[in-house]
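Engineer: The sequence and its predicted three-dimensional model are supplied below.
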Amino acid sequence: MKTALITGASSGIGLEMAKLHAKQKGNLILVARSEDKLNQLKKQLEKEHGIAVKVIAKDLSKAGAAKEVYETTQNQGLKVDYLINNAGFGGVGYFHERNWQDDQNMIQLNVMALTELTRYYLNDMVKRNQGKILNVSSTASLMPGPLQAVYYATKAFVTSFSNAINEELSETNITVSNLMPGATETEFGSVSGMDKTSLFQNTASAESVAKAGYEGMLNGKLDIIAGVPFAFKLQLPFLSIMPKRMILKMIKKLQQTND
C-alpha cells in the first residue's frame, strides 16, 4: 500500500488526485491551509475506501512551513512513496503595480516550498531507491507571461527543475514527472483573476487533469500536458522558434481582463 503526500489537497486538482489515490487503496497525507476542508475530505475517503488519511494544516507560502511538514511526517514515522507538489497560485496585473507581498508569497509557495519538499523527501526515496514525484507546473512554463510575469516565471522554474532531476535519477528506480495543465476549472481562476480573461473561457475539468497527471506519474512520464485543446497542443513544440515579441503580445492580450 503506497502513501501519497499531496499539497493543495483541499480543492481542485489536488482534491481529485487524493480521490484517485484513495480509489487505489493508498494511504494519504493531505496538506493545505484549510484544516476543516481537509478533515471533511479525510472522513469521506476513510469511510469510502478504508484507508488511513493524515491531515497537516499548513500554509506553505510561509517560510519554514515545508520543513515543518517534513518533520511532522518524520516524527510520526510516515513513509512517503509518492510526493505530489500541487499547491500553487497566480495573480494578474502589471508587475510594478502588484502587491509585492502577494508575489513574494507566490514565489515562496510555487518555487521554494516545492523545491524544499522535493529535497527532503527525495533524499529518503534515494535511500530506499524507490519513489515517485509529481510536480504540478503549467503550460505557462513554456513562455513568458506579460500580466502574470511572476507566475509564469515560477512555473518555468518548476518544469526546468523537474526535468533536470529526473535525468539525475535516471539510473535509479525513482521518477520525477512534470504536469503541465492548461486552463483548468479550479479555484485558481477566481483567486488569480484569470477567470475574467478569454484564456479561461473554456476550461478543462480538474478531474480530467488530475487523472492524466496521476496516471502519468505512475508511468514515470517526464512531461504530462493536460487540459489543453488539441490544436494548441500541436503548437506547443513550435513556441521556441516563433518570434518572441509576437508571443509576448499574444499572451498579454489573452490575459487582459474582460471587465
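Structural biologist: Now that the structure is in, tell me what you want to look at. Numbers count the residues shown, from 1 in each chain.
Engineer: how much space between Ala9 and Ser137?
Structural biologist: 18 Å (Cβ to Cβ, to the nearest Å). Yep, even glycine has a C-beta here, placed from its N, CA and C like the rest.
Engineer: List the buried residues of stretch 83-97.
Structural biologist: Neighbour counts over stretch 83-97 (16 or more other Cβ atoms under 10 Å) mark 83-93 as buried.
Engineer: which one of the residues you listed sits closest to Leu169?
Structural biologist: Leu83 (12.9 Å; Cβ to Cβ).
Engineer: ok, residues contacting the one helix or strand the closest one maps to?
Structural biologist: Element membership of Leu83 [criterion: DSSP states H and E] is strand 82-85. With contacts defined as Cβ atoms under 8 Å, 6 or more residues apart in numbering, strand 82-85 is touched by 2-7, 14, 17, 21, 26, 113-114, 117-118, 121-122, 131-136, 217.
Engineer: what comes into contact with the helix or strand following it?
Structural biologist: Downstream of strand 82-85, the first helix or strand assigned by DSSP H and E is helix 100-107. Outside of helix 100-107, the residues that reach it under the criterion Cβ under 8 Å, 6+ apart are 61, 88-91, 95, 150-151, 154.
Engineer: In CSV, list these along with pLDDT and distance to Glu207.
Structural biologist: Output for these, formatted as CSV (pLDDT from 0 to 100; distance: Cβ to Cβ, whole Å):
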residue, pLDDT, distance to Glu207
Ser61, 97, 26
Gly88, 96, 18
Phe89, 94, 20
Gly90, 94, 21
Gly91, 93, 25
Phe95, 96, 33
Val150, 97, 28
Tyr151, 96, 23
Thr154, 98, 25
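Engineer: need the helices for the stretch 101-250 of the chain, in chain order.
Structural biologist: 114-128, 149-168, 187-192, 206-218, 230-235, 244-254 (DSSP state H, counting those that start in this stretch).
Engineer: if you compare those, which one is most tucked away?
Structural biologist: helix 206-218 (a mean of 21; mean count of other Cβ atoms under 10 Å).
Engineer: Any chance of the backbone angles for His96?
Structural biologist: phi -70, psi -10 (degrees, to the nearest 10).
Engineer: next one: Val92
Structural biologist: Torsion angles, degrees, to the nearest 10, at Val92: phi -90, psi 140.
Engineer: That one and Leu254 touch, don't they?
Structural biologist: No - between Val92 and Leu254 there is no contact under Cβ atoms under 8 Å: 11.0 Å.
Engineer: Tally up the residues packed near Lys25, please.
Structural biologist: Around Lys25 there are 11 other residues, counting by other Cβ atoms under 10 Å.
Engineer: Show the contacting residues for the residue lying closest to Thr154 once chain neighbours are set aside.
Structural biologist: Once flanking residues are discounted, Thr154 sits nearest to Asn110: 3.7 Å by Cβ to Cβ, 6 or more residues apart in numbering. Counting by Cβ under 8 Å, 6+ apart, Asn110 makes contact with 88-89, 151, 154-155, 157-158.
Engineer: Make a markdown table out of the residues you listed and add distance to Ala32.
Structural biologist: Listed next are the contacts of Asn110 as a markdown table, based on distance: Cβ to Cβ, whole Å:
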| residue | distance to Ala32 |
| --- | --- |
| Gly88 | 12 |
| Phe89 | 12 |
| Tyr151 | 19 |
| Thr154 | 19 |
| Lys155 | 20 |
| Phe157 | 22 |
| Val158 | 19 |
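Engineer: Report the two of these separated the most.
Structural biologist: Phe89 and Phe157 (14.9 Å).
Engineer: In the chain, which strand is the longest?
Structural biologist: strand 174-181 (DSSP state E).
Engineer: which secondary structure elements does that one contact?
Structural biologist: For strand 174-181, the packing partners by 3 or more Cβ pairs under 8 Å, 6 or more residues apart in numbering; DSSP states H and E come out as helix 114-128, strand 131-136, helix 149-168, helix 206-218, strand 223-226.
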